[in-house]
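Chemist: can you look at this prediction? I've put the sequence above it.
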Amino acid sequence: MRVAVCQLDLAVGDLQGNRASGVQAIVAAAESGADLVLLPELSDSGYVFSSLAEARSCASPSRGNPTLGEWHDLASQHDLAIIGGFCELGEDGKLYNSAACVDPTGVRLIYRKMHLWDHESEFFSVGSQLSPICELMGAKVAVAICYDLEFPELVRLLALQGVELLAVPTNWPATVAPTDERPIELIKAQASAATNGIWIAIADRGMTERGVDWTGCSTVIAPDGYPVITPLSAEQTGIAVTDIEPSRASDKSVTARNDLIRDRREDVYRVVVQVDPPQPNGFNCETTLESFLDQR
């Protein structure tokens, strides 16, 4: 599978211009032979909203959505799949920071961001379901959005369901890193890939929007945790393309005796993935796991 990650310079509220930038990147990716094209988070609307009213003016329902319709036309024309973020007006009237996967057959999945970053909660409601998993060219693909990647439980659950490639549209605001260090967001993405033995593709923003600089670092990370594309700098825009072998993610062995999935000690720490958190004082260092679970 050939994957293209697209790092775009977008402008909040400029739906026509942002869609045009997306089209240009998708066409360039198609000319490079891409099978899957990944666009950034909120690639149609931009990100740095000044008000809920401005965000709402950029949102459209997923059904009949002009951005998704344009992606479907391009996917059909070039025989590829497109994953990207869009500003969704839900059927409940709420706004969602969403992403879709579109291929020649139509919309394959829609995912609503579960973990909202900073001011996003002023505009968007949280999603409540993990990404659906769709099969593209024989690969099992799912989506997370930006801050979602900070939560190892989410990535692990998808990996346990057999996901081979996690596509992550992002808008990573730039942070200050020590001299000669990689951005922490990239380090965490590499760790997520390595600890779960999956491919992770990242498409971030480039340049600046309303005074917010972006991290960049659009790349594709292999199941061993190492990028197979040199991460793009924050000053770059354009596409980067690489070939991947999704089946590598089915092999979770790290040595002849160790396996990322088989070696888990669920008998000790399965309590961390319980849906309902423990009540205050329900579990402490002197409470055995068995007695704690019996109390529940």
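Modeler: Thanks, I have it. Numbering: from 1, shown residues only.

Chemist: any regions of the stretch 151-296 of the chain where pLDDT drops low?
Modeler: Counting by pLDDT under 70, the low-confidence segments of the stretch 151-296 of the chain come to 270-296.

Chemist: mind listing the strands for it?
Modeler: Ranges of strands in the stretch 151-296 of the chain, per DSSP state E, counting those that start in this stretch, are 165-169, 199-203, 208-209, 212-213, 219-221, 238-243.

Chemist: could these go into a markdown table alongside distance to Ile261?
Modeler: C-beta: built from backbone N, CA, C; applies to glycine. Below are these laid out as a markdown table (distance: least, C-beta to C-beta, whole Å):
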| stretch | distance to Ile261 |
| --- | --- |
| strand 165-169 | 16 |
| strand 199-203 | 16 |
| strand 208-209 | 40 |
| strand 212-213 | 38 |
| strand 219-221 | 19 |
| strand 238-243 | 26 |
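
Chemist: same list (those strands) but as CSV, adding distance to Ala256 and mean neighbour count.
Modeler: As requested, those are exported to CSV (distance: least, C-beta to C-beta, whole Å; neighbours: other C-beta atoms under 10 Å):
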stretch, distance to Ala256, mean neighbour count
strand 165-169, 26, 28
strand 199-203, 23, 28
strand 208-209, 49, 16
strand 212-213, 46, 15
strand 219-221, 24, 25
strand 238-243, 28, 18
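
Chemist: closest one to Pro178 among those?
Modeler: For the strands of the stretch 151-296 of the chain, the distance to Pro178 is smallest for strand 212-213, at 17.3 Å, taking C-beta to C-beta.

Chemist: which one of the strands of the stretch 151-296 of the chain lies nearest to Asp267?
Modeler: strand 165-169 (27.2 Å).

Chemist: who's the most centrally placed residue in the chain bridged to?
Modeler: What sits nearest the mean C-alpha location of the chain, by C-alpha atoms, centre = their mean, is Val168, with 2.0 Å. On the basis of DSSP bridges, Val168 is bridged to Ile202.

Chemist: pretty sure it contacts Ile200?
Modeler: Yes. Using C-beta atoms under 8 Å, Val168 makes contact with Ile200 at a distance of 6.2 Å.

Chemist: which neighbours do those two share?
Modeler: Here Val168 and Ile200 have 149, 189 as joint contacts, going by C-beta atoms under 8 Å, 6 or more residues apart in numbering.

Chemist: need the distance between the two termini of stretch 155-169.
Modeler: One end of stretch 155-169 to the other measures 14 Å (C-alpha to C-alpha, to the nearest Å).

Chemist: ok, stretch 180-189 next?
Modeler: OK, stretch 180-189 end separation, C-alpha to C-alpha: 18 Å.
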